[in-house]
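1. Turn this into a model:
(one chain, ligands or ions: 1)
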Amino acid sequence: MCGIVGYVGAQAAAPLLLEGLLKLEYRGYDSAGIAVMNDGQLLVSKVKGRIANLCEKTEGGRQVPGTIGIGHTRWATHGAPTDVNAHPHLSNDGRFAVVHNGIIENYLALREELTAKGFHFESDTDTEVIVHLLERYYAGDVKAAVIKTVSRLQGSYALGVVCADAPNTVFAAREASPLIIGLGSGEQYFASDVTALVPYTRSVLYLDDGEFAALTANGVTVFNGAGQTVDKPLQHIAWDIQAAEKDGFDHFMLKEIFEQPAAVRATIAPRMRGRAICLDDVRADDLKNIRRIVITACGSAYYAGCAGKYAIEALCRLPVQVELASELRYSDPLMDEQTLLIVLSQSGETADTIAAMKECKARGAKTLSIVNVVGSTVATLADHVLYTHAGPEIAVATTKGYTTQLAVLYLFALYMAQVQGTVSGEEFNRLFGELEQLPHRVQNALDMNPGTERLARKYGGASSVFFIGRNTDYAVALEGALKLKEISYIHAEGYAAGELKHGTIALIDEHQPVIALCCNGAVADKTVSNAVEVKARGAEVLAVTFKGDTTLAAVADDMLFVPHMEPLFAPIAEIVPLQLFAYYVARENGCDIDKPKNLAKSVTVE
Ligand code: AGP
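-> Residues are numbered from 1 along each chain as shown. Sure, this is the predicted structure:
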């Protein structure tokens with residue numbers, strides 16, 4: 001995700017802003033910029049690429065003199081990583097500059113409204129609507145213009161605003177994206193997280209949603225949307241820098257597990273308007289002639305495809321095959337213009353996935369990428385791209401990358417079903433409502449298993465673990481097994497529950513704990529029978545099922561729960577307790593959770 005910083009005081013602002021941005025580098029970004037007030041004029045410098053490029057361009061900030069300013073590292077969500085799309089953005093009259101972390105969900109409507117009023121847009125970003133709203137609403141009172149502007153925004157934002165007519169003040173605003181104010185002596189700061197503040201001050205206050213701040217060298221005033229002053233308690237930061245980068249979590253993986261509700265929301269909310277699904281540049285006509293879907297990916301992305309397959313087939317009544325990219329690329333694949341190749345990738349740079357995609361494109365397939373990194377190879381090669389808005393994923397083991405891929409696959413399935421006419425209006429509305437609930441379901445799944453750490457200690461000593469399930473539960477079993485393997489180094493296998501009796505059950509005994517996934521009512525009783533079979537052979541059973549479902553409770557030794565929800569979409573929540581289980585087992589075993597041995601975050605070689 002993006003990072004913002006701001007400064008007002010007696011020192012040169014630019015070097016401090018650059019240092020603050022360097023502290024936010026770990027958040028991941030693809031461009032950076034600063035704006036500094038100089039003698040009543042806003043000086044802006046911004047570049048694609050690393051902050052080092054910005055330091056070089058501004059000669060360490062010396063080329064941008066002034067004692068008040070704002071800065072930004074951009075993780076592209078709308079618009080490729082370019083100089084023009086980098087923040088800060090300037091109003092047409094040059095009076096305002098803005099930096100933003102978050103997603104403006106109604107930016108398209110605002111862009112049309114402002115364009116119709118004669119405002120000129122330079123970038124492809126959602127953020128630029130903010131600076132033109134400021135110009136539009138400014139009538140001499142900057143604070144009033146900021147409040148009015150923010151009242152028009154839907155979505156998430158942490159904003160920094162400077163105005164040439166208010167040369168001693170930086171404004172900030174917060175909604176659903178973190179923003180912390182640092183208080184110094186004769187100087188004040190703000191930043192997206194404390195890592196950028198700790199070198200200068202440990203005295204901070206946290207803005208809450210719907211709050212604003214006006215920072216001058218002499219102090220900070222916090223106010224609400226009605227312009228009324230709000231008293232905020234000062235807090236002292238005891239964290240060291242490293243802990244702050246993880247926002248207080250012990251590992252990036254745990255932080256990213258808990259970011260999933262926000263990541264899923266940021267991914268689906270901009271695409272669900274009124275009672276309609278809007279898949280960015282994908283149009284119904286692009287899909288009308290599709291008669292077959294092939295999903296290709298690697299690792300967890302492949303397992304996300306395995307789960308998404310069930311939703312697409314059930315709703316669209318089209319054949320969906322899910323292929324490992326490393327296999328598909330050499331399989332002399334049968335492709336034509338009626339085949340849609342869906343390519344899943346968090347990094348967008350996985351060599352096998354890119355190779356498979358090129359092979360299928362060359363054979364006539366239409367391509368749709370679902371990818372997290374804007375401007376990545378998988379994104380640029382595709383006919384259409386739907387970005388997951390998970391933000392940068394630092395831990396090698398993917399979590400929010402996987403669940404946001406599922407979120408897009410479910411959106412696609414329902415949209416495609418509407419295009420194909422394979423769901424009734426009533427069913428569409430029911431499933432639309434289920435999609436809207438997905439962020440809450442993921443949050444529920446995070447909250448409803450306080451005993452996961454204890455279960456990790458109980459089962460974490462096993463030398464091998466089976467994850468079993470049927471249908472959608474089988475797809476989750478595959479990903480659950482990979483999570484455990486790749487961070488705890490314990491052998492684990494995802495297995496079709498109905499297949500156990502055809503040989504593999506010979507391995508089941510008291511040394512083989514079995515995790516039985518049972519969140520699909522259509523096959524639940526069959527999976528319960530499989531749980532009974534493995535119990536009879538001495539295995540301990542840890543069951544994952546819907547909260548309140550008692551059938552497995554009579555069989556299982558332990559339970560993990562998932563909130564009741566549409567079974568087709570259940571994998572997005574069902575995987576969460578398994579992510580936490582794997583995390584706690586790995587931590588219990590003293591593993592290097594964020595950087596497991598032998599693994600890379602993006603496998604860019606064959
Ligand atoms: C997932 O936890 C692994 N790190 C790995 O399997 C990963 O999913 C796979 O390499 C694909 O990566 P991608 O999504 O960036 O293409």
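2. Only C-alpha atoms from now on, for both contacts and neighbour counts.
-> OK.
3. The stretch 1-150 of the chain: helices as residue ranges?
-> 13-23, 51-57, 107-116, 128-137, 142-151 (DSSP state H, counting those that start in this stretch).
4. Output those helices in CSV; the columns should cover mean neighbour count and mean pLDDT.
-> Formatted as CSV, the helices of the stretch 1-150 of the chain follow (neighbours: other CA atoms under 10 Å; pLDDT from 0 to 100):
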stretch, mean neighbour count, mean pLDDT
helix 13-23, 24, 95
helix 51-57, 18, 95
helix 107-116, 16, 96
helix 128-137, 24, 98
helix 142-151, 19, 98
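5. Can you say which of the ones you listed is nearest to the ligand?
-> helix 51-57 (24.0 Å; CA to the nearest ligand atom).
6. How about residues contacting the closest one?
-> 18, 21-22, 31-33, 45-47, 60-61 (CA atoms under 8 Å, 6 or more residues apart in numbering).
7. thinking again about what came up before, columns distance to the ligand on top of the helices of the stretch 1-150 of the chain, output as a markdown table?
-> Converted to a markdown table, the helices of the stretch 1-150 of the chain look like this (distance: least, CA to the nearest ligand atom, whole Å):
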| stretch | distance to the ligand |
| --- | --- |
| helix 13-23 | 25 |
| helix 51-57 | 24 |
| helix 107-116 | 28 |
| helix 128-137 | 29 |
| helix 142-151 | 35 |
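8. for the closest residue to the ligand within the stretch 451-600 of the chain, what are its contacts?
-> Closest to the ligand within the stretch 451-600 of the chain is residue 483: 6.2 Å, counting by CA to the nearest ligand atom. For residue 483, the contacting residues are 397, 578-579, 582, by CA under 8 Å, 6+ apart.
9. Okay, and which of these map to helices?
-> 578-579, 582 (DSSP state H).
10. tell me which parts of the stretch 501-606 of the chain are close to the ligand?
-> Residues of the stretch 501-606 of the chain found near the ligand (CA under 6 Å from any ligand atom) are 601-603.
11. Against residue 339, how distant is the residue nearest to residue 96 when sequence neighbours are not counted?
-> Closest residue to residue 96 apart from its sequence neighbours, by CA to CA, 6 or more residues apart in numbering: residue 163 at 4.6 Å. Remark: distance between residue 163 and residue 339 (CA to CA, to the nearest Å) = 52 Å.
12. And those two? Which one has more around it.
-> More neighbours surround residue 163 than the other of residue 163 and residue 339, with 25 against 22 (other CA atoms under 10 Å).
13. and that one, what are its phi and psi?
-> For residue 163, the backbone dihedrals (degrees, to the nearest 10) come out as phi -130, psi 130.
14. Would you agree it is in contact with residue 91?
-> No. Here residue 163 does not reach residue 91: they are 9.8 Å apart, not a contact under CA atoms under 8 Å.
15. Identify the contacts common to the two.
-> With CA under 8 Å, 6+ apart, residue 163 and residue 91 have common neighbours residue 97.
16. Which positions in the protein make contact with the ligand?
-> Counting by CA under 6 Å from any ligand atom, the chain sits next to the ligand at 298-301, 345-348, 350, 396-398, 601-603.
17. With distance to residue 238 added, can I get the helices of the stretch 1-150 of the chain in JSON lines?
-> Formatted as JSON lines, the helices of the stretch 1-150 of the chain follow (distance: least, CA to CA, whole Å):
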{"stretch": "helix 13-23", "distance to residue 238": "17"}
{"stretch": "helix 51-57", "distance to residue 238": "27"}
{"stretch": "helix 107-116", "distance to residue 238": "38"}
{"stretch": "helix 128-137", "distance to residue 238": "35"}
{"stretch": "helix 142-151", "distance to residue 238": "32"}
